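Colleague: fold the following, please.
(one chain, ligands or ions: 1)
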Amino acid sequence: MRTQIVAGNWKMNKTFQEADDLVNELVEFIETNKAAHRAMIICPPALYLELATDMARDTELYVGAQNLSQFEKGAYTGEISAPMLASMEVEYSIIGHSERRKYFGENDEMLAAKVRMALKHKIDPIFCCGELLVERESGKHLDVVKSQLDNTVFKLDPVEFGNIMIAYEPVWAIGTGKNATPAQAQEMHAYIRKLISEKFNDQIADNTTILYGGSCNAANAKELFSNPDVDGGLIGGASLIAEDFIKIFQALK
Ligand code: 13P
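Modeller: So this is what the prediction gives:
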């Protein structure tokens, strides 16, 4: 069975003390509730990655960044590089979140470069894709996601792609309280898995973890995750409260 995962994207939230408290609660939970085939990842703001990797070391809580630079080093004020993250024991990075695409002008070309940079430094990308509401309403959602993947992670070779996790996050569901229905999520996840199988092979498709993100919470996680192609969630708001995030983890298959 492929790994079932909940990943918490904290976005730009939490003070240092709040971050410390949340990581503490999650470590305490995970250390007493180890589960094969299931993993919990947190993606706190970059400033707290050191805190998180320190507290999570030798536990089954894993730490990811929310973003990384497509450049390796040099005069890029304000940026954080893949080698820096790797040197802080960060194992994952979200890449291509729709908020990065919308507010920070990240396009497919930049995202393809970020994915390559992450892989070069042994950071596993959690690669986000997903359509806008107008794109869904005009029936273009499958084509939009295909194009986002074709232009980025589908350019990798099969061995490289083996390190990719996909997160399907319909933009209209993010932070809106209006999650995709389980049927909508399953349709897209099955489609993505079919594309992976066509691009690479059945085995790679079968092994790829595909997360759902967008207003996933403690109340709807179980139904969403019960779909055969939904392997867990990338959680925003509900990852900020330990109790809710833990409930979502417990909803994994
Ligand atoms: P919400 O769970 O707050 O809708 O956010 C989802 C998300 O963007 C995770 O990356």
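Colleague: tell me where the model's unsure across the stretch 151-253 of the chain.
Modeller: Residue ranges of the stretch 151-253 of the chain with pLDDT under 70: none are present.
Colleague: residue contacts, the residue of it found nearest the ligand?
Modeller: At 2.2 Å from the ligand, G236 is the closest residue in the stretch 151-253 of the chain, using CB to the nearest ligand atom. In short, each C-beta sits where N, CA and C put it, glycine included. Listed by CB atoms under 8 Å, 6 or more residues apart in numbering, the contact set of G236 reads 9, 11, 174-175, 213.
Colleague: so which of those residues belong to strands?
Modeller: Judged by DSSP state E, those include 9, 213 as members of strands.
Colleague: separate out the buried members of the contacts of G236.
Modeller: Buried by 16 or more other CB atoms under 10 Å: 9, 11, 174, 213, out of the contacts of G236.
Colleague: switch these over to CSV; also include distance to V159.
Modeller: CSV is the format used below for the buried ones among the contacts of G236 (distance: CB to CB, whole Å):
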residue, distance to V159
N9, 27
K11, 32
I174, 32
G213, 26
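Colleague: nearest to A185, of these?
Modeller: Ranked by distance to A185 (CB to CB), the buried ones among the contacts of G236 are led by G213 at 9.8 Å.
Colleague: beta partners of that closest one?
Modeller: Following DSSP bridges, G213 is listed with bridge partners L234.
Colleague: between the buried ones among the contacts of G236, which is nearest V27?
Modeller: Proximity of those to V27 (CB to CB) peaks at N9, which lies at 18.3 Å.
Colleague: so the closest one sits against A65, correct?
Modeller: No - with contact defined as CB atoms under 8 Å, N9 does not reach A65; the gap is 10.3 Å.
Colleague: please enumerate the strands of the stretch 101-250 of the chain.
Modeller: Taking DSSP state E, counting those that start in this stretch, the strands of the stretch 101-250 of the chain run over residues 124-129, 165-168, 210-213, 232-235.
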